[in-house]
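Colleague: sharing a model prediction with you, sequence too.
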Amino acid sequence: MKASDLAKAVGGVLCGEDVEIFACAGLEEARSGDVSFCKDPKHTAMVGSTAASAVFLPEDWSAECPCTSIRVSSPDRACMTAAKLLAPPEPVRAPGVHPTAVIDASVEMGEGVHIGPFTVIEKGAKIGKGAIIEAQVFIGEGCSVGEGTHIYPQVTLREGTVLGKDCIIHCGVRLGGDGYGFTNSRGEDGTVVIEKIPQLGIVEIGDGVEIGSNTTIDRARIGRTYIGPMTKIDNLVQIGHNVKVKGYSGLIAQSGVAGSTEIGYGCLIWAQAGISGHIKIADGVQVGPQCGVPQSLDGSSKYVIGSPAMSMKDMAAITLAPKMIQKLKAEIKEIKAALAAK
Amino acid sequence: MKASDLAKAVGGVLCGEDVEIFACAGLEEARSGDVSFCKDPKHTAMVGSTAASAVFLPEDWSAECPCTSIRVSSPDRACMTAAKLLAPPEPVRAPGVHPTAVIDASVEMGEGVHIGPFTVIEKGAKIGKGAIIEAQVFIGEGCSVGEGTHIYPQVTLREGTVLGKDCIIHCGVRLGGDGYGFTNSRGEDGTVVIEKIPQLGIVEIGDGVEIGSNTTIDRARIGRTYIGPMTKIDNLVQIGHNVKVKGYSGLIAQSGVAGSTEIGYGCLIWAQAGISGHIKIADGVQVGPQCGVPQSLDGSSKYVIGSPAMSMKDMAAITLAPKMIQKLKAEIKEIKAALAAK
Amino acid sequence: MKASDLAKAVGGVLCGEDVEIFACAGLEEARSGDVSFCKDPKHTAMVGSTAASAVFLPEDWSAECPCTSIRVSSPDRACMTAAKLLAPPEPVRAPGVHPTAVIDASVEMGEGVHIGPFTVIEKGAKIGKGAIIEAQVFIGEGCSVGEGTHIYPQVTLREGTVLGKDCIIHCGVRLGGDGYGFTNSRGEDGTVVIEKIPQLGIVEIGDGVEIGSNTTIDRARIGRTYIGPMTKIDNLVQIGHNVKVKGYSGLIAQSGVAGSTEIGYGCLIWAQAGISGHIKIADGVQVGPQCGVPQSLDGSSKYVIGSPAMSMKDMAAITLAPKMIQKLKAEIKEIKAALAAK
């Protein structure tokens, strides 16, 4: 796209050569072919050294610019508009079933559904109006996919999984696996005896839920593992059997929730945090990155960190312990000297 | 299913309306259409406020019940029976090869094998009697799958992988990847030089092993990465090259074991724990959640926690350090006062 | 392979029975059919108790060997040679497109490209000379795969992803997912309002990068998530949107890097470490296993551990705090006694 076309699109004024622009990037990351932006004169030096081919600048920018500039009233908003224009086009997933898809005759499909190549949908499944099921997806027996839900390639839904409306399920998500359910005992001769516990329930996902790449959510032992509406789950998250996430919560990448735990409304579980099984996290609680939560959190502390989980204040006290010890050591030394002098 | 049919199935007595039942759930999680259970009068209040459509109750239950009840001698056992009746039917994987599967002519297959759509099996592979290989699986050259083993959709087995009998391999498992094997050095001019170490070995999985969704197990550099019999591995676990898990152990979700480490018999590695490379964990040791193990564990401590790993007692001492410091501080203050008074 | 053939291949002398050899393994792991090696007389006992069928030994080895031995000048080098001979043959991926692959007519393909069964390549994608795309891969619209790059089965590249030359992408890798990008606010009535932020950028991977099984790398919000040349990424790693890894770095299994963070040249991020968003890690810094990095690291500490990240010295001080406290306690007791005696 020509810089002049971008200028026109954002209602700006082109200064300098009419270069070809391919992408947006920050001033430091930018390279030839990129457009960047700067709104604050204190970043003048960064503009001066950018490798971008063009920069959105305020109309009254007075410092030098080493490349083409596009003068606009709001450089950040202009860059956002440019980003949309320069973004790879969102692929069109037109209604229709790809001829290679293997779909059981009993599957019920709403209007306008898109089914990609090599996707398998087993008997008794229901696909809601306008749903997009991309390539190489597996949807097991009796699953149900809500209206407008978008499933990216290579997702697997084991039998009986229920997906709400307007969900987004990213590549490699695994819903309805058996998870870890075993009894572990010792035989009469002292040997370890391990038996599988049947996992008879399902996974049920509420409306508006988004689930990130390669995340895994296990089917319930009995009943349902439930992810409430508008919950947003990042990549590589693990959610055990019979977990209940009430809704409007976020679970960031690589966090994990063990079996039968309940996460309240509006919680935020940060990256790599781990939450034990059979406990409750109160509404609105935030669990910090890498935090390990062994017991229920009643909401008296709105943010916990550490492993095991504690308040910021308690964590600070542990971190400061060595400094405090040095101080006490010095005081004791003084006392000893004073004592000797008496 | 009608509540009356459930009552008949468990040998119970129906009290109240003959409602339609779709699923089982705990008293608090239950919603309309669910059957729940209560065996203990101390949970009377929970029965009173449940949203379930029916509840299994003891024969002598005297408190009120807001919905249909089914009186039985053992409510929890009755609910387990109901769960089995109400569970999504386990899909039938009848013997036979789906016409879309791409199977090399040299592949040896036992009797009664099921191969799903879009599965690829490369030359020289052997599939044991009664094995179930579901849809969209990739089985590389020379792999071997034991009798009765069940592979769920979208699993990949790189060349040479050996799977024992009666294993269960869940969706998205990756066996036999190269893992992380590089030499890292500095060139004469100080630049980083990184070279790939060929990974010449295989992955070998013993009998009765279960591997959870999206778990990854790397092929050996030389010889085999070995997972011993009856080991149960949860979702999103990482096992490095040349690791040896002797058998009858459990590895919970998101835990990781680095290269060439040996895990003894009957160990339990809890969620998000990490075990360094080239060490040994003695038989029967448990490694706590999020624990980081930098050195071999000889079994003198049967349970370790923390990062780096330590005994529960040592962990408690660190956590209590701030409290101890406050105490010492108070004592020093007293001493100073006493000293001043002398 | 006969032991005599192995002896010939490594230029060694066979002593004992000419047994059949199937694989290589260490002395302790070895079983019948394996060849092992020992170069140091101090491991004589391990040779004595090995279950291997043959062992490479130095020419002047004098202790007993319970099985066949092959005498060589360098036993470890001989074993490496044997490992290569005994390894499962690397599958041949001959040039050509499998007839089941679904490839848009607009896709540009260089010479000698291999495309496996059930692979999908969408419109506008470019596949460089000699690239290997194995079975069941998904390559979205407008993606670009560099010359000689090898993509293993069941990888997904969302639209616009750019892969450099000579990369290796292992099974189950997800490039270009949306990741976690939401605005989280409170509505006028106090309810949580969550809105998706469009992720308009791409993922760009430099030359010579290797990415391990089931790793996920998110597309940029604007511009590119960039993994610089020769970076080596292990399994189950998470890399957020707009992260920039300059190059020649390693990221070990299950580590994670949050959005917009920059990792310098030649860094090493150890297993299960987590790095916060919007920070910079200086060139050459190592982040220890399970370490959590909340702030930029300027390189003044070349190795950090702990969560939050600190120097080894600071970590030691915290771990030693309980011991120090005991010491101070004893001193205070003495002081009190001395004070009482005055």
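Modeller: Done, it's in. Values in this document were obtained by computation on a predicted structure and should not be read as measured data. Numbers count the residues shown, from 1 in each chain, chains lettered A, B, ... in the order given.

Colleague: break chain A into its domains for me.
Modeller: Domain ranges of chain A: A:3-86, A:96-304, per automatic domain parsing.

Colleague: excluding its backbone neighbours, what's nearest residue A:191?
Modeller: With CB to CB, 6 or more residues apart in numbering or on different chains as the criterion, residue A:191 has its nearest non-adjacent residue at 7.7 Å, and that residue is residue B:248. (Each C-beta comes from the backbone N, C-alpha and C, glycine too.)

Colleague: how close does the closest residue to residue A:2 other than its chain neighbours sit to residue A:54?
Modeller: Take residue A:2 and drop its neighbours on the chain: the residue closest to it by CB to CB, 6+ apart is residue A:18, 5.6 Å away. Distance of residue A:18 to residue A:54, computed by CB to CB, to the nearest Å: 9 Å.

Colleague: between the two, what contacts are shared?
Modeller: A:3, A:68 (CB atoms under 8 Å, 6 or more residues apart in numbering or on different chains).

Colleague: bridged to residue A:192, which residues?
Modeller: Going by DSSP bridges, residue A:192 is paired in beta bridges with residue A:186.

Colleague: burial of it, as a residue count?
Modeller: By other CB atoms under 10 Å in any protein chain shown, the residues close to residue A:192 number 18.

Colleague: check contacts around it.
Modeller: Counted by CB under 8 Å, 6+ apart, residue A:192 has contacts A:184-186, B:230, B:248, B:265-266.

Colleague: one more pass at 7 Å, please.
Modeller: By CB atoms under 7 Å, 6 or more residues apart in numbering or on different chains, the contact set of residue A:192 is A:184, A:186, B:248, B:266.

Colleague: quick check: the third one touching residue B:264?
Modeller: No - with the criterion set as CB atoms under 7 Å, residue B:248 and residue B:264 do not qualify as a contacting pair; they are 9.4 Å apart.

Colleague: the more surrounded of these two?
Modeller: Under the criterion of other CB under 10 Å, the comparison of residue B:248 against residue B:264 puts residue B:248 first, with 23 against 20.

Colleague: on that earlier part again, just checking, which of the contacts of residue A:192 belong to strands?
Modeller: Using DSSP state E, the subset of the contacts of residue A:192 located in strands is A:184, A:186.

Colleague: so which of the contacts of residue A:192 comes closest to residue C:155?
Modeller: Nearest to residue C:155 among the contacts of residue A:192, counting by CB to CB, is residue B:248 at 34.3 Å.

Colleague: list the contacts for the closest residue to chain C within the stretch 1-150 of chain A?
Modeller: Distance from chain C to each residue of the stretch 1-150 of chain A (CB to the nearest CB) is smallest for residue A:88, at 3.2 Å. Shown in contact with residue A:88 (CB under 7 Å, 6+ apart): C:141-142, C:159-160, C:202.

Colleague: does the closest residue to it other than its chain neighbours sit in a helix, a strand or a coil?
Modeller: Closest residue to residue A:88 apart from its sequence neighbours, by CB to CB, 6+ apart: residue C:160 at 3.2 Å. When classified by DSSP: H, G, I helix; E, B strand; the rest coil, residue C:160 comes out as coil.

Colleague: kindly state the beta-bridge partners for the nearest residue to residue A:309 once chain neighbours are set aside.
Modeller: Leaving out its chain neighbours, the residue that sits closest to residue A:309 by CB to CB, 6+ apart is residue A:293, at 4.5 Å. According to DSSP bridges, the partner residues bridging residue A:293 are residue A:275.

Colleague: isn't residue A:293 up against residue A:278?
Modeller: No - the criterion here is CB under 7 Å, and residue A:293 misses it with residue A:278 at 11.8 Å.

Colleague: show me which of the two is the more surrounded one.
Modeller: Between residue A:293 and residue A:278, residue A:293 has the larger neighbour count (other CB under 10 Å), namely 25 against 11.

Colleague: tell me which stretches of the stretch 201-342 of chain A form helices.
Modeller: Secondary structure of the stretch 201-342 of chain A by DSSP state H, counting those that start in this stretch: the helices cover A:312-341.

Colleague: which parts of it sit against chain B?
Modeller: Counting by CB under 7 Å from any CB of the partner chain, the stretch 201-342 of chain A comes close to chain B at A:202, A:214, A:216, A:222-224, A:236, A:238, A:244, A:254, A:256, A:258, A:274, A:292, A:307, A:317-318, A:321, A:324-325, A:328, A:331-332, A:335, A:338-339, A:342.

Colleague: how about stretch A:131-150: buried residues?
Modeller: Buried residues in stretch A:131-150, counted by 16 or more other CB atoms under 10 Å in any protein chain shown: A:131-150.

Colleague: got it, and stretch A:329-342?
Modeller: Taking 16+ other CB under 10 Å as the criterion, stretch A:329-342 shows A:331-332, A:335, A:339 as buried.

Colleague: can I get those residues in a markdown table with pLDDT and distance to chain C?
Modeller: Shown next, in a markdown table, are these (pLDDT from 0 to 100; distance: CB to the nearest CB, whole Å):
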| residue | pLDDT | distance to chain C |
| --- | --- | --- |
| A:331 | 92 | 10 |
| A:332 | 92 | 5 |
| A:335 | 91 | 6 |
| A:339 | 87 | 6 |
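
Colleague: contacts only, for residue A:194.
Modeller: A:182, A:184, B:230, B:232, B:248.

Colleague: correction: residue A:293
Modeller: Going by CB under 7 Å, 6+ apart, the list of residues near residue A:293 reads A:275-276, A:287, A:304, A:309.

Colleague: ok, those vs chain B, which is closest?
Modeller: Of all these, chain B sits closest to residue A:276, with 7.0 Å by CB to the nearest CB.

Colleague: confirm for me that the closest one is in contact with residue A:294.
Modeller: Yes - the pair formed by residue A:276 and residue A:294 meets the contact definition of CB under 7 Å, at 5.0 Å.

Colleague: which one of these two is surrounded by more residues?
Modeller: residue A:276 (22 against 15).

Colleague: if we can go back for a sec, quick one, what contacts the residue nearest to residue A:2?
Modeller: Contacts of residue A:18 by CB under 7 Å, 6+ apart are A:2-4.

Colleague: the contacts of residue A:293, buried ones only, as a PyMOL selection?
Modeller: Buried residues within the contacts of residue A:293, by 16+ other CB under 10 Å, are selected in PyMOL with:
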select buried, chain A and resi 275+276+287+304+309
